[in-house]
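Undergrad: turn this into a structure:
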Amino acid sequence: MSFRHCQKRNLRKQKVGLPCHCYVYDCIVALLLAFYIDRLKDHHAVTPHVLRGIAVLGRHQLLSGDGVATILHNLNSEVHAQSLTAGDRRHMYSLVTFFLQQRLTDIQPLGADFVCGFIQMMDGEKDPLNLMLAFQSVRIIAQNLQLGVFAEELFEVVACYFPIEYKPTPTATETVDQEELRRRLRQCLTATSKFSEYCLPLILEKLTSSVTSAKIESLHVLTAGAEVFGTEGLREFHGSLWSCIRREIFSAVNDTLNRAAECALTSMVTALSNDITEKKNLSEFEEFIGRVFEDTIRHLREPTQQMIGASTEVLLAVAQGSHYACQKVIGRVVPLLLEQFHSSQQTAQKKGALEVLLQHIKICGVTWQDRKDESPLAAYRDSIFTIFVSLLCGATVELRLLALSGLAQLVGTPNMVVDTERPLVAEHFVRTLLGDRNPTVRDEAVKALASMAALCPFVVRDTAQEMIVPHLNHEPKHEDESHDGEPLVTHEFLLKALATVSVEHVHVAVETTSTFVQHLERLLAENSTLDGALHEAEVTCQCLHQATSACVTDSSIAQNLCANLLTKCVGILVHGALVDSSGNKRLVTNSSIVELLSSVVRTIVQNLDADGAEEVMSLMVEMFIDSNLDWLNNAAATCPVKFEPLQAHIPRQSELIERLLAIATQCCHLVSSISAAKCIGGIINKMSAGRDLDTLVQTICVSVTSRMEPSSVTPEQRGQAVTLWTWCTKALVLRSHPQQTLFAEKIGWKTHSCARLPLKHFPGCSSESHDILSSAMHADIKIMYRQRFFLTTLPKLVQCFHQVDSDQKQYHLAALSSLLKFMPKQVLIAELPPLLPLLVQSLNSQQVAVWLSTLSTLSDLIAEMPDIFSRHIDDFLPRLLDLTQYRPDMTVRISALKCLAQFTTLPEHVILPQQDRVTRHLVSALDDHKRLVRKAAVDTRTK
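TA: Just a heads-up that it's a prediction; the model follows:
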C-alpha cells in the first residue's frame, strides 16, 4: 500500500476505492479497517471514496464488535457529515442504519457517546432520501439505547422537521413518498415514552396554530404516541389536549381534521384505560372521561339538538377506546336517550334520539364482539327491543326505517337477542316486507333480513320458506293493492328479496334455489304469452343464477347442485325443446330464458372438480349424440318425441363436431346457430395440439370459406358463416395457434357486399367471452395473446384498407380502432407513427363508436409521444373542434374535449399558435346544455 504516501490525490482516491468492487478476504479485514480509519484523516477529497470502502467493509460478516465501535467513533470524530454531498452522506446513514439493524448488541455498549455522535451527524440534514434513513435510525436508537442526557437533544434534532412537507423538483432523479416520510418522522417522535414531555407540548403548539395540515399531522402523532406515552406521559397534558380536540370536532371545519381528532381521542382513551389497574391511574381515567361527559352529555338534552351530532361523534370515539370506556359511555348515554324518546312528543326529537341510540348499539357490538361477558346494553335490552317492535306498526316512515335498522343491529350485538327471540325478529322483518305500504320500508326490511341471514341462516331460511314462498303460489289479493291499484308486493319483489337474502349465506342459497326452480316450472307450465309472464320468468332465472353463484364456491354444495339443480335446468330446456317441436311458441324456448338457464348450468360446471366436470361432459355428449335422457329424471326422459338436437340432413351422423358444424351453418334458428358456433370455438380452443386439431381447423376452413362467397349463398347463410368463422378465430387467437393469421385475414374480406359483416365482428376476436372462451370456463388463454394478434394482424389490415374502395374504408377504420383499444401503451408507441394518418381518417368516419375508440387512444398517447403528435396537430385539431359540437351524443363531445386537453402537453411553440382559435371555439362548449360537457370544457380551457 505504498500509494498511501503518494502526493497525487487522484491516485490515492482511485486506489482507496478499489475494495468497493473487490472481494474482501477474511484475513485482512482488520488490516483494511485500520487502513480506512487512517485514510479518514487524509485530504477531504479522499473522504467520499473512503466512506464507500467503509460502507462495504462494514457489512462484512467477520467484522468484530470492536471494529463496529471503531468505525462509528471515527466517523463521528473525523468526518463532518454536513460538509459532504448528499450521496456521500447517504453512505454514512446507510451504514449506521445497517449497524443498528444487524449489529445492535455491538452498539448498545457505546450508549450516550454514540447518541451524541449521531445527533451531530444528522443535525442540519435536508436531503429527503437521507432523512428517510436518519428517521429510521432515530427510532431504533430511541427504543434500544440508553439516551441519558441526550434524550431532549435527540428529540429536538428530529422535531425541527415537524410537520414535514416534501415536493420533489421536476429534475429530481430519485424521490420519496411524502406519506412514508411523514410516517417515519411520526415514528421518531413517538419512539419512546421519554419523548412524552417534549412531544406533547409540541402537539399542543401545533393544535393551536391556524394551519390545518399541521393540526392534522399533530393529531396523527398523538394517535400514534398516546399508547407509547401511557398515563404517566398524558397525566399533565390530557386536559389541554381534550380542549383542543373538542374545539376541532365541535367546529366541524374539515372532515379530515374531524376524523383525525376522533382517532386521537380514541387513542388517548385506550392509553388511559390500559393502566387503570393502579388506583392513581384510575382516577386519571375517571377525570378525563368526566370532562368529556361534562362537555357532551348536556348537548344530548338540548331540545334543539344542534350539537347532538358532534357530541355523538365524541362519545362514540370514546366508546371505541376500550371495553371499560364503552361500558361507561353506554351507562351514561342509553338511559338518557330512552328517557328522551319516551318524553318527546315530536317525531324529529324521537328520530334524533333513536339515531344516536343506533350508533351506540353499533359501536357496542363492535367493541364487545370478542368478549364473553355480558354486554353493557343487556340492562336495557327489553326496553330497546320493545321500542323497535312497537315502531314497526303505525309510526312514521322515518321511525319504521330506524326500527328495522335497530332490530338488525340488536341481532348482530352479542347476547342482545336470545335464540328463542330470533325467529320472532325474522317474522317481524318478513311481515314488514310483505305488508308495509311504503316501498322504502319494504326494501329496508329486505336488507335487515339479509343481514340477519349472515348471522342466523337457518332461522331466516325457515322463516322465509314459511312466510314468503306461499305468496309466490298465488296472485296478490285486492286488499294488498296500493292506492294506484298496483299490488303492494309483486312476485318480482319477492323473488328479488329471496335472492338478496340468499347471497348472504350458503345454506339459505341452497334452499332458495329449489324455490326458484319450482316457481319457474310453474310459470313455464302455464305457458302464458303475456310480456309480464316472460319478464317474471326472466327475473326468476336471474335470481336463480344469483343464488347459485353464492353457494357454488363450496365444493360439496357444488356437487349437490350438479346432481339436482343442473339436471333440473337441463331437463327444463330439453323438455321445452321437445314439446316445442310441433311449432308452437313456448315461454321456455324464448332466447333470454335459454341463455339465463344456460348461465346457471355454466356457473355450476365451472366450479366442479375435474372428475365432476368430466362426468357432466360425458352425460351431455351422450345426450346430444345418443339421445339418452335417462339421467335427467323428469318429464323430458319420458317424452314420446325423440330428442335429436343435432339431427342434420347430411350423410354422416356419428361425430359431434360434424353435427355442430351442420347446425352452425344450416340451421335457420339463429340462437341454435350461434350456440353451435360457440361450441365449436370452445372445442377448438381446448383440444390438444396435434393432427386432430389441424384436421378440424382445415375442415372448418374449407367448409366455411365457400359460404362466405357472396355469389353462392344467401345473406343469412353468409352471416352464419361469418359468425362461425369469428368464433373459430377467437378460439385460435386466445391459444395463439399458428393458424390464427390465416383466419384473421378472412376478417378483412375485401369484396363489396360482405366486408361489413366480418369487420363488424373483428373487435371480438381479441377479447374473452364470458360464457365460453373465458378463464372461468377454463379456456386455453396464452399470455400476451393480444399483442401477438395485434402484431400479426395490423400489417394485413392496413394493406387491406389501402386496397378497398372508399365506401368500405370506414369498416376497416372501425376494426383498426377496436384493435388499438386493447393494446398497452408500450406496444402502441412503437407501432403508432405510421398509423396516425389512419387515425385522422377515422375521426372523419361516420361511426360514433369509431370516434370514441380513436379519441380514447389518442388521449392516452399524446403525452407519451409529443414529437410525433406535434407534426400532426394541424390534422387533428380541426376535427376535434368539430366533434366538441356534435349535438346527438354527449359522450362524443366530452371525449373530444378531454382529448383536446391532452394537446396542452405538447411543446409551447406548437400549441401557442393554436391558442386563440381553440379558445374561441370552446365558447359554445362552455354554454352547452349538459353540465358534464361544460365541466370538461372548463377543464380544457383552463389548461
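Undergrad: so the chain: which segments form each domain?
TA: The record's domain split for the chain, according to automatic domain parsing, is 1-167+175-191, 193-321, 832-943.
Undergrad: pick the most buried one from the ones you listed.
TA: domain 193-321 (a mean of 18; mean count of other Cβ atoms under 10 Å). C-beta here means a position set from N, CA and C on the backbone, and glycine is covered the same way.
Undergrad: do me a favour and get the end-to-end distance for that one?
TA: Start and end residues of domain 193-321 are separated by 20 Å (Cα to Cα, to the nearest Å).
Undergrad: report the mean confidence score over it.
TA: Across domain 193-321, pLDDT averages out at 88.
Undergrad: name the SS class of residue 845, please.
TA: The three-state label given to residue 845 by DSSP: H, G, I helix; E, B strand; the rest coil is coil.
Undergrad: tell me the contacts of residue 191?
TA: Counting by Cβ atoms under 8 Å, 6 or more residues apart in numbering, residue 191 makes contact with 138-139, 142-143, 228.
Undergrad: mind checking what secondary structure it has?
TA: State at residue 191, reduced to three classes by three-state DSSP: coil.
Undergrad: for it, phi and psi?
TA: Here is the backbone geometry of residue 191 (degrees, to the nearest 10): phi -70, psi -30.
Undergrad: run the chain-centre distance for stretch 366-380.
TA: When distances are taken as Cα atoms, centre = their mean, to the nearest Å, stretch 366-380 is centred 33 Å away from the chain's centroid.
Undergrad: and stretch 720-728, by the same measure?
TA: Between the centre of stretch 720-728 and the centre of its chain there are 36 Å (Cα atoms, centre = their mean).
Undergrad: could you pull out the strands for this structure?
TA: Taking DSSP state E as the criterion, the chain carries no strands.
Undergrad: may I ask which helix or strand of it has the lowest mean pLDDT?
TA: helix 9-16 (a mean of 46; mean pLDDT, DSSP states H and E).
Undergrad: now the domains of the chain as TSV including distance to residue 543?
TA: Shown next, in TSV, are those (distance: least, Cβ to Cβ, whole Å):
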stretch	distance to residue 543
domain 1-167+175-191	45
domain 193-321	38
domain 832-943	32
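Undergrad: between those, which one is closest to residue 471.
TA: Residue 471 lies closest, by Cβ to Cβ, to one member of those: domain 193-321, at 39.8 Å.
Undergrad: chain center to that closest one: distance?
TA: Taking Cα atoms, centre = their mean, one finds domain 193-321 lying 33 Å from the centre of the chain it belongs to.
Undergrad: and stretch 879-891, by the same measure?
TA: Worked out by Cα atoms, centre = their mean, stretch 879-891 lies 33 Å from the chain centre.
Undergrad: with stretch 456-466 instead?
TA: In terms of Cα atoms, centre = their mean, the centre of stretch 456-466 is found 32 Å from the chain centre.
Undergrad: what number of residues lie near residue 778?
TA: Neighbourhood size, residue 778 [other Cβ atoms under 10 Å]: 14.
Undergrad: next, the closest residue to it other than its chain neighbours: phi, psi?
TA: Distance criterion Cβ to Cβ, 6 or more residues apart in numbering; nearest residue to residue 778, sequence neighbours excluded, is residue 606 at 6.9 Å. Reported as degrees, to the nearest 10, the phi and psi values for residue 606 are phi -70, psi -10.
Undergrad: going by distance to residue 342, which of the contacts of residue 191 wins?
TA: Comparing the contacts of residue 191 against residue 342 with Cβ to Cβ places residue 228 closest, at 45.1 Å.
Undergrad: roughly how far apart are that closest one and residue 268?
TA: To residue 268, residue 228 is 12 Å away according to Cβ to Cβ, to the nearest Å.
Undergrad: for residue 592, same thing?
TA: To residue 268, residue 592 is 60 Å away according to Cβ to Cβ.
Undergrad: do residue 423 as well
TA: According to Cβ to Cβ, residue 423 and residue 268 sit 43 Å apart.
Undergrad: so what's the residue count around residue 534?
TA: For residue 534, the tally of surrounding residues (other Cβ under 10 Å) stands at 16.
Undergrad: ok, it touching residue 590?
TA: Yes: Residue 534 is within contact range of residue 590, at 6.2 Å (criterion: Cβ atoms under 8 Å).
Undergrad: show me the contacts for the residue nearest to residue 778.
TA: Shown in contact with residue 606 (Cβ under 8 Å, 6+ apart): 776-778.
Undergrad: and residue 820, by the same measure?
TA: Contact analysis of residue 820 by Cβ under 8 Å, 6+ apart lists 828, 835, 853-854, 857.
Undergrad: ok, for residue 191, nearest residue in space, not its chain neighbours?
TA: In space, and not counting its chain neighbours, residue 191 is closest to residue 142: 3.7 Å by Cβ to Cβ, 6+ apart.
Undergrad: related to what we said a few turns ago, okay, the contacts of residue 191 in a markdown table with distance to residue 276 next?
TA: Below are the contacts of residue 191 laid out as a markdown table (distance: Cβ to Cβ, whole Å):
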| residue | distance to residue 276 |
| --- | --- |
| 138 | 32 |
| 139 | 29 |
| 142 | 27 |
| 143 | 25 |
| 228 | 17 |
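Undergrad: can you pick out the most distant pair from those residues?
TA: Taking Cβ to Cβ, the two most distant members of those are 138 and 228; they sit 14.3 Å apart.
Undergrad: still on that earlier bit, quickly note the distance from the residue nearest to residue 191 to residue 100.
TA: Using Cβ to Cβ, one obtains 11 Å as the distance from residue 142 to residue 100.
Undergrad: what's the answer for residue 347, then?
TA: Distance of residue 347 to residue 100, computed by Cβ to Cβ: 64 Å.
Undergrad: now do residue 327
TA: To residue 100, residue 327 is 43 Å away according to Cβ to Cβ.
Undergrad: residue 727 is in contact with residue 678, correct?
TA: Yes: in this structure residue 678 lies within contact range of residue 727 using Cβ under 8 Å: 5.8 Å.
Undergrad: neighbour count for those two, which is higher?
TA: More neighbours surround residue 727 than the other of residue 678 and residue 727, with 27 against 21 (other Cβ under 10 Å).
Undergrad: mind pulling up the pLDDT for the more buried one?
TA: As summarised for this prediction, residue 727 has a pLDDT of 82.
Undergrad: disregarding flanking residues, what is the spatial nearest neighbour of it?
TA: Among residues not flanking residue 727 along the chain, residue 681 sits closest, at 3.5 Å (Cβ to Cβ, 6+ apart).
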